[in-house]
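Engineer: Provided below for reference: sequence and predicted model.
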Amino acid sequence: MKVARFYAPGDLRIEDAPDPVPGPGDVKVRVRNCSTCGTDLKIFRHGHHHIDPPRVIGHEIAGEVVEVGADVTGWSVGDRVQVIAAIPCGECPDCLRGWRTICPNQLSMGYHFDGGFAEFMVVPDRVLRVDGLNRIPDGVGFAEASVAEPLACVLNGQELARVGEGDVVVVVGAGPIGCLHVRLARSRGAEAVYLVELNRGRLDMAAALVKPDAAICSAETDPVARVLELTGGRGADVVITAAAAGGAQEDALRMAARRGRISFFGGLPKDNPIIACDSNLVHYRELTIVGANGSSPDHNKRALELIATGAVPVDDLITHHLPLDRVMEAIEVVASGAAIKVTIEPPC
């Protein structure tokens, strides 16, 4: 079979590899779609401290079962499945409290285990033990199902920020995550959703698809002033920073309404993670700042349902479909900002 295997920063190779063999507690899957994300670009450029090369990367995975281990029950050849990316242990104090997104023993597909940029892959028993292999609902295609993983992360973030009926929501960042945030906020009853983005071309492309109530180019307009203008000086109930920019997080504090909730959804570069926080704004306006770290197996299941019911459409966000042997081109497209979502489709 063909795989895309990461060896070192800048070194990602399309190679022939033997088909993987599932163990007694594993499931073997034919990958039908593995969508790309900004993390794949970061891995390609810089590597990752959880990856011990060589490693098949790719973690937004959907496919069909082709072989079931001897000890596995409940799964059959031909089942259409989506695979979680972040794998909690299910046994630590945090997991037992239901906080599986912050499991200190978390492992990940495409990092600790070979991922989805391959024709076939093994879903390890650790995924099955935490109910992390999910049936794709009828009517949902493999490409759409592969977007359930990032949507699950978005769902986690909006639950933590308590996005709900009547909220005015600002989403900073018009990439695929930002687009999903706009659509999910609408499905959760937001009164208005504003999209902020530095790059005019990326903003226009995203806004044409997700149709925010206002599209604000922060290279042309002060986004804080514009949000305050749109809200009659009150500010936004929720601000979600879906961009790896400290300036966006600082702006979020200034555009939030009293008792506003701010989600630091996008992490900052590890060599520059410090921002200037006006703690008086937090104190006197009673602001809440929350983080958001990935998703749980349950978030993945609910994300699939949101896609299946049409509450959060994702098909039109997939702007590029590329075969496995063009995975480098896919990563370049992600880097260029010329796409919303790029999916890899290994040969059947």
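Structural biologist: Structure's in. What do you need?
Engineer: and the nearest residue to Gly47 once chain neighbours are set aside, what does it touch?
Structural biologist: The shortest distance from Gly47 to any non-neighbouring residue, by Cβ to Cβ, 6 or more residues apart in numbering, is to Pro9 (4.9 Å). Quick note: C-beta positions are derived from backbone N, CA and C, even for glycine. Contacts for Pro9 (Cβ atoms under 8 Å, 6 or more residues apart in numbering) come out as Phe44, Arg45, His46, Gly47.
Engineer: Redo the residues you listed as TSV? Include pLDDT.
Structural biologist: Shown next, in TSV, are the contacts of Pro9 (pLDDT from 0 to 100):
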residue	pLDDT
Phe44	94
Arg45	94
His46	92
Gly47	94
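Engineer: Now restrict the residues you listed to buried residues only.
Structural biologist: Phe44, Gly47 (16 or more other Cβ atoms under 10 Å).
Engineer: May I have the residues that are in contact with the most centrally placed residue in the chain?
Structural biologist: Central residue of the chain (Cα atoms, centre = their mean): Pro150, 2.4 Å from the mean position. Each residue near Pro150 by Cβ under 8 Å, 6+ apart is listed here: Ser35, Cys37, Glu60, Pro176, Ile177, Leu180.
Engineer: can I get the CA coordinates of the host helix or strand of it in CSV?
Structural biologist: Per DSSP states H and E, Pro150 falls inside helix 148-160. Only the C-alpha atoms of helix 148-160 are listed here, as CSV (Å, rounded to 0.1, in the frame of the first residue of the first chain):
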residue,chain,number,x,y,z
ALA,A,148,-16.3,15.5,12.3
GLU,A,149,-13.0,15.5,14.2
PRO,A,150,-12.4,19.3,13.8
LEU,A,151,-16.1,19.9,14.4
ALA,A,152,-15.9,17.9,17.6
CYS,A,153,-13.1,20.3,18.8
VAL,A,154,-15.2,23.3,17.9
LEU,A,155,-18.2,21.8,19.8
ASN,A,156,-16.0,21.4,22.9
GLY,A,157,-14.9,25.0,22.6
GLN,A,158,-18.4,26.4,22.3
GLU,A,159,-19.7,24.3,25.2
LEU,A,160,-16.9,25.6,27.4
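Engineer: so how far is that helix from its chain's centroid?
Structural biologist: Chain-centre distance of helix 148-160: 7 Å, with Cα atoms, centre = their mean, to the nearest Å.
Engineer: Stretch 139-156 now?
Structural biologist: In terms of Cα atoms, centre = their mean, the centre of stretch 139-156 is found 8 Å from the chain centre.
Engineer: buried residues in it?
Structural biologist: 140-156.
Engineer: following the helix or strand encompassing Tyr7, which helix or strand comes up?
Structural biologist: If you go by DSSP H and E, Tyr7 is part of strand 2-8. Using DSSP H and E, the helix or strand that follows strand 2-8 in sequence is strand 11-16.
Engineer: Helix or strand next in line after that following strand, which one?
Structural biologist: As the chain continues past strand 11-16, the following element, by DSSP H and E, is strand 27-35.
Engineer: can you pick the most crowded of the contacts of Pro150?
Structural biologist: Neighbour tally across the contacts of Pro150 (other Cβ atoms under 10 Å): the maximum, 31 neighbours, falls on Ser35.
Engineer: For Val334, see how far away that one is.
Structural biologist: 10 Å (Cβ to Cβ, to the nearest Å).
Engineer: give me the element Ser263 is part of.
Structural biologist: strand 256-264.
Engineer: Helix 148-160 and that strand, what's the angle between them?
Structural biologist: Counting by axes from the mean of the first three to the mean of the last three Cα atoms, to 10 degrees, strand 256-264 lies at 140 degrees to helix 148-160.
Engineer: For strand 256-264, which outside residues touch it?
Structural biologist: By Cβ under 8 Å, 6+ apart, strand 256-264 touches 157-158, 160-163, 168, 231, 234-241, 249, 252-253, 281, 285-292.
Engineer: let's see 7 Å
Structural biologist: Contacts to strand 256-264, defined as Cβ atoms under 7 Å, 6 or more residues apart in numbering, come from residues 157, 160-162, 234-241, 249, 252-253, 285-292.
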